[in-house]
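Colleague: Give the three-dimensional model of this entry:
(2 chains)
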Amino acid sequence: MNTAENSVTAGTDLQQLLQIGQRRLSGGVGWLADARRRGAEQLASMQLPDRKQEAWRYTPVSFLDQTRYEAIVDGRFEALRLDDIEDLLLEQRDAVRLVFVNGYFAPALSSLASDHAGVTLTTLSGALGDVPAQIRARLDRIAEYRHVFAALNSALMSDGACILVSSGAQVQVPIEVLHVSVGLEEPGISHPRHLVVLEDGASARLIERYCSLGDAVYFNNAMVEVELGAGSELVHERLQEESGNAQHLSDLQVRLDERSRYRLVQATLGGAWSRSDIRIVFEGEGAEAELDGLMLAHDKQLNDVHLDVRHNVPNCTSRESFRGILDGKGRVVFDGRIVVERDAQQTDAMLSNHNLMLSRSAEVDTKPQLEIYADDVKCSHGTTVGELDHDMLFYLRSRGVPEAQAKRMLCEGFAQEVLDRMESPALRDRVGRHLASRLTTTV
Amino acid sequence: MLTIKNLKAQVEGKEILQGLNLEVGPGEVHAVMGPNGSGKSTLAHVLAGRDGYQVTDGEVIFDGESLIELEPEERAARGIYLAFQYPVELPGVNNTHFLKEALNAQRKARGEAELDSVAFLKLIREKMKLVSMQPELLKRQVNVGFSGGEKKRNEILQMALFEPRLSILDETDSGLDIDALRTVSNGVNALRSPDRSVILVTHYQRLLDYIEPDYVHVLAGGRIVRSGDKTLAKELEHKGYGWLTGKDEAA
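Modeller: Have a look, this model is predicted:
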């Protein structure tokens, strides 16, 4: 394969990518056809984001001009064995684990052994049997294509986890969705698409992870839809540890019905370019959402989080708290938008974004936005950008801790508030270790 | 042990210490007293090596070695400890982790073996009894949400843990009620030994009722203007500082 030539030829043409992808998908799973068609139709009328669009002003997608990403064909990657991904696994017992390699379900690496009452696990491709009607009916139901990549995901989706937790089921064991990207001869683009449905009164824990073997170049264009029924509760933990040469886009859309609770803790640590679009829509009264995030932007890394929280109904609570650590020429983009509609009285919303700059060449573009159309609400936001505190540093050093170690301890302390929100000890340890190793090379 | 000769130091271009001399021998407790703004805290911070405190003249010799060029962590490893007037809160940093990292960093710098977690916990539990500290405080973030008394106990706990050869206690008595003052003082007294020295920086005589000094010095205008034994402190209590500094002070 002539990769050298590819790298100098023109970049990625999404329409062409779509056509090639569609040809391959023809004759695929029938029930996906509607969603794919909708994606393709919308894609036709959408442009690549540019800097004139506010939501993309600080997040250029110029990597598409530089690299030609090919749709990934063969999904099975059967040569990969459990031993190969051992370092990527969490040390936790009894967990349910669905592994996707380059966007495709890998049964041999997955662990579905333990049977859990009330949970139905299937995949879009049908590898785990028929997808239940409750899932089929909800695919692409709440998804809003706010950018061309979301439409592309719908148009070309071919695999992903479909998780249904039945009414009233209390699932204690975490359900893990693990993405592993391995380098291909040509840079590839994947479109994993997951759907998580909790029926009324159900509760569950979801761990969603992205990692890679080696420093492959690829573009992960993921989309996750979550629907929470009345009184249900989901704890959603996400860890993005993509390859340092990778592009990562994840579009997460969550719909909350009355009295449901959603807790998200995410750490976006890897990737050359990473963007999380998170849309939370309150559709029933008395629901709560808590979102916590840690963003790491090492030298030349771009880490973007865009929040769009929609309080459409009264009496809902949301709290959003995101922290960034930047070094070298790292860049953090944070856009936290909360919209409180006219009828959404008694809304309680609190948004914060704190950033720690370890270098003068790093850049933070942070924009909290509250749009409030109701008159009886409690909403606040706060944003800070700062360096390490000199008094704290001196205190540690006066206790014998060398300067570099003192800086690391303070950075870890800054991140700890997010880590403390994680429920899985194995995940928290992994994030802690990742952070510690990255800081060792930084400060 | 510690010899300070003609020490001059500036903070933000302003000369605070203006030729200070002090000699501290092994096992001695020296009280440095003086009115506000006399340079007491500056002296404490200069000894610990804080950035922004610029030594412009004079020398500070500790165990035969000049301190001025050393980094704060190097001074700590050599046995200098500063108990802060306002202990700093370290959000997100666990207290046990902090104490262990600090102790091991000092040991490592001295070429001693680092303590493993088990050995460390055994040691810290023993030291906590000395300052009557609640064990829960070990699990908390360093000084975050601690009461004034708890913060000061945490400072003395570190002193007990590090076993420094020279401890500088900067206004450790400020903000303490009588019970906390007694506990903190007992902790300091328990650490007195023929080869450990203490400099007590304080505004008030009260602390000296609990920790009896060998020498008392009065600092004014960046210099030591009077030295004596503990009776000098009593005299100051009656007369105030005005008779030494030439200024009226309503202390």
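
Colleague: low-scoring stretches of chain B, by residue?
Modeller: Applying pLDDT under 70 to chain B flags the ranges B:246-251.

Colleague: Tell me the residues on it that lie near chain A, please.
Modeller: Applying CB under 8 Å from any CB of the partner chain, we find that chain B lies next to chain A at B:48-51, B:71-73, B:75-77, B:81-82, B:84, B:87-93, B:97-98, B:101-103, B:105-106, B:109, B:141, B:158, B:162. Any C-beta I mention is one placed from the backbone N, CA and C, and that applies to glycine too.

Colleague: For whatever residue of chain B ends up closest to chain A, which non-adjacent residue is spatially closest?
Modeller: Nearest to chain A, among the residues of chain B, is B:Gly92, at 3.0 Å (CB to the nearest CB). With sequence-adjacent residues excluded and distances taken as CB to CB, 6 or more residues apart in numbering or on different chains, B:Gly92 is closest to A:Gly413, at 3.0 Å.

Colleague: Against A:Glu241, how distant is that neighbour?
Modeller: 21 Å (CB to CB, to the nearest Å).

Colleague: again with A:Val377
Modeller: Per CB to CB, A:Val377 is found 37 Å from A:Glu241.

Colleague: ok but the residue nearest to B:Gly92 is inside a helix, no?
Modeller: Yes: A:Gly413: assigned to a helix according to DSSP: H, G, I helix; E, B strand; the rest coil.

Colleague: Thought B:Gln141 was touching it, still the case?
Modeller: Yes: at 7.4 Å, A:Gly413 counts as touching B:Gln141 under the criterion of CB atoms under 8 Å.

Colleague: what do the two both touch?
Modeller: By CB atoms under 8 Å, 6 or more residues apart in numbering or on different chains, A:Gly413 and B:Gln141 have these common neighbours: B:90-93.

Colleague: the helices in the chain, which residues?
Modeller: This is for chain A. Assigned by DSSP state H, chain A shows helices spanning A:3-8, A:14-25, A:33-44, A:63-66, A:133-136, A:148-156, A:390-398, A:403-419, A:425-442.

Colleague: um, chain B though
Modeller: Per DSSP H, chain B carries helices over the ranges B:40-48, B:72-77, B:95-109, B:117-130, B:148-162, B:178-190, B:230-239, B:242-245.

Colleague: would you turn these into a markdown table with mean neighbour count?
Modeller: Formatted as a markdown table, these follow (neighbours: other CB atoms under 10 Å in any protein chain shown):
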| stretch | mean neighbour count |
| --- | --- |
| helix B:40-48 | 24 |
| helix B:72-77 | 23 |
| helix B:95-109 | 20 |
| helix B:117-130 | 14 |
| helix B:148-162 | 22 |
| helix B:178-190 | 18 |
| helix B:230-239 | 16 |
| helix B:242-245 | 16 |
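
Colleague: and those as JSON lines, adding distance to B:Thr172?
Modeller: Converted to JSON lines, the helices of chain B look like this (distance: least, CB to CB, whole Å):
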{"stretch": "helix B:40-48", "distance to B:Thr172": "11"}
{"stretch": "helix B:72-77", "distance to B:Thr172": "18"}
{"stretch": "helix B:95-109", "distance to B:Thr172": "18"}
{"stretch": "helix B:117-130", "distance to B:Thr172": "15"}
{"stretch": "helix B:148-162", "distance to B:Thr172": "6"}
{"stretch": "helix B:178-190", "distance to B:Thr172": "6"}
{"stretch": "helix B:230-239", "distance to B:Thr172": "15"}
{"stretch": "helix B:242-245", "distance to B:Thr172": "23"}
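
Colleague: for stretch A:271-291, how far is the first residue from the last?
Modeller: 21 Å (CA to CA, to the nearest Å).

Colleague: and A:Asp420, which of the helices of chain B is closest to it?
Modeller: With CB to CB as the measure, helix B:95-109 is the member of the helices of chain B nearest A:Asp420 (13.5 Å).

Colleague: More neighbours: which of A:Val377 and A:Glu241?
Modeller: A:Glu241 (22 against 17; other CB atoms under 10 Å in any protein chain shown).

Colleague: OK, contacts around that one?
Modeller: With contact set as CB under 8 Å, 6+ apart, A:Glu241 has these partners: A:209-212, A:269-270, A:434.

Colleague: so how far is stretch B:163-175 from its chain's centroid?
Modeller: Taking the mean of its C-alpha atoms, stretch B:163-175 sits 3 Å from the chain's own mean (CA atoms, centre = their mean, to the nearest Å).

Colleague: Stretch A:395-405 now?
Modeller: 36 Å.

Colleague: May I see the buried residues of it?
Modeller: Buried positions in stretch A:395-405, judged by neighbour count with 16 or more other CB atoms under 10 Å in any protein chain shown: A:395-402, A:405.

Colleague: Now distance to B:Val131 too, for those residues, in JSON lines please.
Modeller: Compiled in JSON lines, the buried residues of stretch A:395-405 are given as follows (distance: CB to CB, whole Å):
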{"residue": "A:Tyr395", "distance to B:Val131": "18"}
{"residue": "A:Leu396", "distance to B:Val131": "21"}
{"residue": "A:Arg397", "distance to B:Val131": "23"}
{"residue": "A:Ser398", "distance to B:Val131": "19"}
{"residue": "A:Arg399", "distance to B:Val131": "16"}
{"residue": "A:Gly400", "distance to B:Val131": "19"}
{"residue": "A:Val401", "distance to B:Val131": "21"}
{"residue": "A:Pro402", "distance to B:Val131": "27"}
{"residue": "A:Gln405", "distance to B:Val131": "26"}
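
Colleague: Now do the same contact list for residue 139.
Modeller: Picking chain A for this. A:31-32, A:35, A:195, A:225.

Colleague: oops, chain B please
Modeller: By CB under 8 Å, 6+ apart, the contact set of B:Lys139 is B:94-96.

Colleague: make it 7 Å
Modeller: B:Thr96 (CB atoms under 7 Å, 6 or more residues apart in numbering or on different chains).

Colleague: Can you name the residues of the stretch 251-400 of chain A that neighbour chain B?
Modeller: Within the stretch 251-400 of chain A, the residues that sit near chain B (CB under 7 Å from any CB of the partner chain) are A:390-392, A:394-395, A:397-400.

Colleague: got those as TSV, with pLDDT and distance to A:Gln16 columns?
Modeller: Below are these laid out as TSV (pLDDT from 0 to 100; distance: CB to CB, whole Å):
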residue	pLDDT	distance to A:Gln16
A:His390	95	54
A:Asp391	96	57
A:Met392	97	53
A:Phe394	97	58
A:Tyr395	98	58
A:Arg397	98	57
A:Ser398	98	62
A:Arg399	98	60
A:Gly400	97	61
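
Colleague: how about the shared contacts of A:Gly413 and B:Gln141 in CSV, adding distance to A:Gly103?
Modeller: As requested, the shared contacts of A:Gly413 and B:Gln141 are exported to CSV (distance: CB to CB, whole Å):
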residue, distance to A:Gly103
B:Leu90, 42
B:Pro91, 39
B:Gly92, 36
B:Val93, 40
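
Colleague: Tell me which residues touch the closest residue to chain B within the stretch 151-300 of chain A, please.
Modeller: Closest residue of the stretch 151-300 of chain A to chain B, CB to the nearest CB: A:Leu294 (11.4 Å). Counting by CB under 7 Å, 6+ apart, A:Leu294 makes contact with A:267, A:323, A:415, A:418.

Colleague: now, which of those sits nearest chain B?
Modeller: Nearest to chain B among the contacts of A:Leu294: A:Ala415, at 7.1 Å, using CB to the nearest CB.

Colleague: Just give the number of residues close to that closest one.
Modeller: 25.

Colleague: separation between it and B:Leu70?
Modeller: Note on A:Ala415: its distance to B:Leu70, by CB to CB, is 31 Å.

Colleague: Now do the contacts for A:Asp292.
Modeller: Residues in contact with A:Asp292 (CB under 7 Å, 6+ apart) are A:264-265, A:321, A:418, A:421.

Colleague: Not counting its neighbours along the chain, what's nearest A:Met157?
Modeller: Of all residues not flanking A:Met157 in the chain, A:Arg193 sits nearest, at 3.9 Å (CB to CB, 6+ apart).

Colleague: Done for today, thanks.
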